[in-house]
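*Asks:* no FASTA, just this:
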């Protein structure tokens, strides 16, 4: 599995954050906590990374990835009761728009961390 060690480490950091903070905070709190946990684990990450969406060579929109880990994995964070198909589609769209091959969707909104791993479809 592509970047399996890296994604395992990111998921481990998510469990550390959840174990320490619990659920109930805003997504932005978990984002900042993840940055701290990733840094302590020796993993480079940037938050709120602007990424443009192009169509036929023209910039038609942009979005902000919650986390870009090691310039290889997009991490979308949520703090909701349950993940929806729209949340999953968001990550898949981010991967397809950027060419980044791997994404994680991590939800801190329930007592137990929920996560899903995605890989970009080959076009």
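*Replies:* Looks like it arrived, so ask away. Predicted model only: the values in this text are computed from it and were never measured. Numbers count the residues shown, from 1 in each chain.

*Asks:* Show me the longest helix that occurs in the chain.
*Replies:* helix 4-21 (DSSP state H).

*Asks:* Could you give me the buried positions within it?
*Replies:* By neighbour count on 16 or more other C-beta atoms under 10 Å, the buried set for helix 4-21 is 6, 7, 9, 10, 11, 13, 14, 16, 17, 18. (C-beta placed from N, C-alpha, C; glycine too.)

*Asks:* Show me which of those residues is closest to residue 103.
*Replies:* Proximity of the buried residues of helix 4-21 to residue 103 was ranked by C-beta to C-beta; the top entry is residue 7 with 9.2 Å.

*Asks:* List the residues that contact that closest one.
*Replies:* 1, 73, 102, 104, 117 (C-beta atoms under 8 Å, 6 or more residues apart in numbering).

*Asks:* and if we set it to 10 Å?
*Replies:* For residue 7, the contacting residues are 1, 69, 72, 73, 75, 102, 103, 104, 115, 117, by C-beta atoms under 10 Å, 6 or more residues apart in numbering.

*Asks:* Filter these down to just the ones in strands.
*Replies:* Residues of the contacts of residue 7 located in strands (DSSP state E): 69, 73, 75, 102, 103, 104, 115, 117.

*Asks:* and of the residues you listed, the nearest to residue 83?
*Replies:* Lowest distance from residue 83 to the ones in strands among the contacts of residue 7 (C-beta to C-beta) belongs to residue 115, with 9.2 Å.

*Asks:* Who does the residue sitting nearest the centre point of the chain form a beta bridge with?
*Replies:* Nearest to the mean C-alpha position of the chain, counting by C-alpha atoms, centre = their mean, stands residue 75 at 1.1 Å. With DSSP bridges as the criterion, residue 75 is bridged to residue 67, residue 104.

*Asks:* Great, nothing more from me.
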